[in-house]
Every structure is written in C-alpha cells, then in structure tokens.
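> Next input, structure requested:
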Amino acid sequence: MVQTVAVVGAGVSGLAAIKCCLDEGLQPVCFEMSDDIGGLWHYKENIDKDRTTTMKVTVANISKEIMAYSDFPPLAVYPIFMHNTHLKDYLHRYADNFNLRKHIHLNTKVIQITETEDHKTSGQWCVKYQNIQDNKVTSEVFDAVMVCTGVFGKPVMPTFQGMETFQGEIIHTREYKTSKNFEGKTTLVVGLGNSAVDAAIDISEVAKQVYISSRNGSWIFGRLGPGGLPGDMLMLSRVGFYLLKKFPSLLNKLAMSQCSKKLNHKLFGLNPKFSPLQSNSTVNDMLGYKLLTGEIKMKPGVKQICGHCVEFVDGSKIDGIDSIVCGTGYLPDFPFLDSGVIDVDKSNMYLGMFPPDRKVHTLVVIGCFRQKGPIIPVTEMQSRLATMVFKGSVTLPDSKIMWEYIRRNKEDSNKYRIPTLTGVTQVDYLPYMDELAAIIGVKPNLVKLVFQDPTLAKQCIFGPGTSYQFRLTGPHQWAGARDAIFTQWDRTLAPLTSDWKSAVSRPRRNPLKLLVMILSIVSIGYAVYRSYGSYLRNLLYLE
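Residues are numbered from 1 along each chain as shown. A predicted model of the protein is given here:
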C-alpha cells in the first residue's frame, strides 16, 4: 500500500503532483531540485541578485485561462498572457490556497534514486538527496516516486566546424537572463523556437545587430487572434480537434494561410520546411516588426565558424560576430535514476508516463511530453492518474499491452509529425486529456450534457478547451467548475478595460470561426448520415 511519495521537482508539475497526492490521502515530500533555486520559490529574495532562472522578458505563449489548473482559475486582474512574474504569483497563490508549501523541501538536490532491496515485493525506492546549503546528504525510503522535472533537463548545444576557434562568448538560452551584456555587440542567435526568438528580440533592443540562423525555418503564430482576442481561446476547442482529426490537410492549409496573412514567411526569410501541424511552431508577435526595422536579420543554417566570422550554408558570411546564443532545445534528463529504470528513448513510456516493463508501477514521469498547448493542465491530469494508480483505484494493463499502445502511438504520431530531437511522447492537448480523463472517470459526458445542460454542453464542445471541464464530474469534482467555465471570458477580458462588463458579450464572429462552424456542421452531418454511433465515438474521442 502506497503512503509516502517522493516528488522530484517543485515547478508547475511538482505542485500538481503534491496537490493530487493530498487529494488521494497520500503523504508527499517534494524536493525542490537545484535548478529551481532563484526561480519560483526564491524569486523575491533573488530579484536583486539577478539570479532568477527565468528570462526577464518571458511572457506566456498560452492565455491564462487555457493554462490554469482545473480547480484554481487565475485572477481577473492578471493580463491575458501573463508575464513570468504574474505566473509566479499565480503559482504561489495556488500553493498557499491548497497549503502545499509545507511539503516542499527547499535547497535540496536529489542525487540518486534506487530500488530498495525488497523492491520487487514492496515497490519502494531509496531517495538520496543533498541540502545544498550545508551539503548534508540524507537517504529516505518512499513507497512511490513522481519525477516532475519535465523535458527541459539538459540543454542541447550544437556543434559546428571551427566552433572551437570562436573568440567570443557562446551560451545556451538557458543561461540567458538579460540583455545587459550584449550592448553594442553583433550577436548571432541559433534557432527559431520560442526561447530563441524571445532572446533575439530582447538583445536587439541594445545590440548593434542581431542575426537569427535557422536550418528548417518555422511558422510564426501570434498570440492575438481575430479582433485581438487570444487565439488559443478561439481555436483550442473540442470541435477544433475533431476537425483536425477529420481534415488535417485542410487545417494545415488554413493555418498556413492565417500565418501568411500576418507575415510573408518566404519574403522575410523564415522559410519553414514543414507544415504547421507537422512541427513545433513559434509564437511571437514582435519578430515581424524587428525584421522590418532591420534590427534582426534572418540567415540560413550555420556551416562553419572561423574566429569572429560565421559562414552559412548558402555561402554567405558575417564578420565581426561578438556572441552566439543557442536556442537549440533540450533533452529530458534524469541523472538521479539508475540506468535501466527508464528507457533511453523517453517516448517508450505508457501514456507518456509509465515505464512499461516495471513489475510494480510505483514510479511515474510527469511532464515528459511535447504538444501545442498548455503544460499545466496536462501535468495535472497526469498527476491525477498517477496518484490513483498508486492508491489502487486505477489498474494499469500488463507490459505487452503497454508496448502495443506505445507502438501504435508512435505510428499515429509519425503519420503527421516530424520526428523530434527529444524523443518524447507527442500528444494533442484535448484528445490526450480526454484519454487520461476517461481512465480516471472525469471525462465529461457530452451526450448527457446535451440533454441535461445544453448551454454547458455548448460551452464544452464549441468553447475554449479549459481544464475546468474535467472537474464537472467524477473523483475530486469541483463545485465551482460550471461557473468557472461560464465566467472564463469575463476573467479573460477584465484587464483590457475598466468597462469590461459591457465588452464581455460573446466575441463577434470572424471568417475563420465561421469556416470552422461550417466544416463542423458538414462533417457532423455526414457522420450522422453514415452512422449515429460512429458519430458519437468520434465526437467524444472514443475511437
């Protein structure tokens, strides 16, 4: 019987894990880990020391309602897309609201997690950790372990011919905090992901010139949708994912069309090699402006480096490069686990969480996935499932079935995604949430809702896919879930104007949304014509 749980990492995944352990009557002990020092839990005391682990200009790419925990809506006064300071405030409020702080061991680093001698029968783990202030090492035995360090464990640094000859500074975006060391410099940013572009734009405010080098290009999405409303609130819906499943090629073309209306990707040198739905896209509203003003210039992939000169694959060269910032991603890394506990290929986990060959499932990985969408609700749902497995209220299938699931998931993913460097599970936000929710017993019954509460059903099917939907019913349902769904637009629009109540009316229809509705009606009508049962299974993601 599992009672004590070691939670490794005190970020957004760790908080969800602590909360879900408490919901299930378990006793969590959360180890902050060294990478959190100066970040979430030491934020105020380290502002003056410039030790915050977050880039100071970082603003969330996901709107506050979409990214919220399922039973803790964000404050109305928060901006729609929160600056990292607002997000930290939200997380502190969450921790205080559910009394989570007392379960977090600050200033700790987990050194090693090993099976106990009787692990095959007890399922227990020995956790060795170090207090980084006095270097004291302690070992404790826990009934279960939740690894909540996510996919950003190990920065990936590129290797270029002649890189050792570069006479300036080369850093990863993980090390980048402010632009104060880049005044008057010519800087090359390698990569076109979110962090790379954020760093490039910040540096361009003080640098002599900034260049961005990208091998594969990227589609640039804006945070703003039609009418200036948050795009994810309009598009991340159940009906949107249903259409994506039915018409992937059409949705790809539609996404490319919308991106191209704001920014001619070929003209600006962005040159994406893959479609938006195949690859990781970039969310940024400032890059086009910076390219127009010439503060940032696009270049293709780097071929070689010689001193302060960088040559690119198209034969062009730039002399006088003073610094290079590499926004080249991360690999998930669990150095504290014995080899063999988790496969080198981190995508070889059942539901992206459970190592399939374990005899007793008392170890789970939370947040080791990639998706286009919010991280917090998914890690929370994973934590809800994991703690129910620990308690015995959910039973996992045998190893053979798990491996078959992993194989099918990879095949399905490879049909419309390009392979990723990180080798982690690729998921689609709402379908994956529904998959986990169905196992837990918290997936909303939309058919029943249509008859019992049609206005709520309409919100759940056509409205924003917020996680409050998964607190309407089942274990640990929340009495405030229905109200949270109906007031999500109120909280979203509140910070825009003092007269926000008059602006909270339903967002005006726009051509994109009208097309989505037309496609929905046509596809649903056709499905009903073919088979009413098949229609229900598709709509509810049961197939």
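
> all contacts plus neighbour counts: C-alpha atoms, from now on.
Fine.

> can you tell me which residues contact T173?
S195, A196, A199, V325, C326, G327 (Cα atoms under 8 Å, 6 or more residues apart in numbering).

> The third one belongs to a strand, doesn't it?
No - looking at A199 with DSSP: H, G, I helix; E, B strand; the rest coil, it is helix, so not inside a strand.

> Next, the contact list for it, please.
T173, Y176, V189.

> Also the first one?
The neighbours of S195, taking Cα under 8 Å, 6+ apart as the test, are T173, G327.

> Report the secondary structure state of it.
helix.

> Please name the nearest non-neighbouring residue to F152.
Y330 (5.2 Å; Cα to Cα, 6 or more residues apart in numbering).

> Would you quantify the distance from the one you found to N445?
Distance, Y330 to N445, using Cα to Cα, to the nearest Å: 38 Å.

> neighbour-wise, which of the two wins?
Per other Cα atoms under 10 Å, whichever of Y330 and N445 has more neighbours is Y330, with 17 against 13.

> ok, H308 - contacts?
H308 makes contact with F166, Q167, G168, D319, G320, I321, D322 under the criterion Cα under 8 Å, 6+ apart.

> As TSV, the contacts of T173 with pLDDT would be great.
Below are the contacts of T173 laid out as TSV (pLDDT from 0 to 100):
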residue	pLDDT
S195	91
A196	94
A199	94
V325	97
C326	96
G327	93
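
> Next, format these as CSV and append distance to T492.
Output for those, formatted as CSV (distance: Cα to Cα, whole Å):
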residue, distance to T492
S195, 25
A196, 28
A199, 27
V325, 35
C326, 34
G327, 31
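
> Now Q304: closest residue in space that isn't a chain neighbour?
Q161 (4.7 Å).

> tally of neighbours for that neighbour?
Residues lying near Q161 (other Cα under 10 Å) number 11.

> any idea how far V313 is from it?
Using Cα to Cα, we find Q161 at a distance of 12 Å from V313.

> Now do the shared contacts for the two.
By Cα under 8 Å, 6+ apart, Q161 and V313 have these common neighbours: K303.

> For whichever strand or helix holds L244, which helices and strands make contact with it?
Using DSSP states H and E, L244 falls within helix 238-246. Using 3 or more Cα pairs under 8 Å, 6 or more residues apart in numbering; DSSP states H and E as the contact test, the elements touching helix 238-246 are helix 429-440, helix 454-462, helix 511-530, helix 532-539.

> Same list, the contacts of H308, but as CSV with distance to V239, neighbour count and secondary structure please.
Output for the contacts of H308, formatted as CSV (distance: Cα to Cα, whole Å; neighbours: other Cα atoms under 10 Å; DSSP: H, G, I helix; E, B strand; the rest coil):
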residue, distance to V239, neighbour count, secondary structure
F166, 51, 18, coil
Q167, 53, 15, coil
G168, 51, 13, coil
D319, 51, 12, coil
G320, 51, 13, coil
I321, 48, 22, coil
D322, 49, 19, coil
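
> Show me the domain layout of this structure.
4-153+331-432, 157-219+265-328, 444-539 (automatic domain parsing).

> and the longest one, how far apart are its ends?
Spelled out, it's domain 4-153+331-432. 28 Å.

> leaving aside the residues next to it on the chain, what's closest to the one residue sitting closest to the centre of the chain?
Nearest to the mean C-alpha position of the chain, counting by Cα atoms, centre = their mean, stands I375 at 3.4 Å. In this structure, I375 finds its nearest non-sequential neighbour in M67, 6.8 Å apart by Cα to Cα, 6+ apart.
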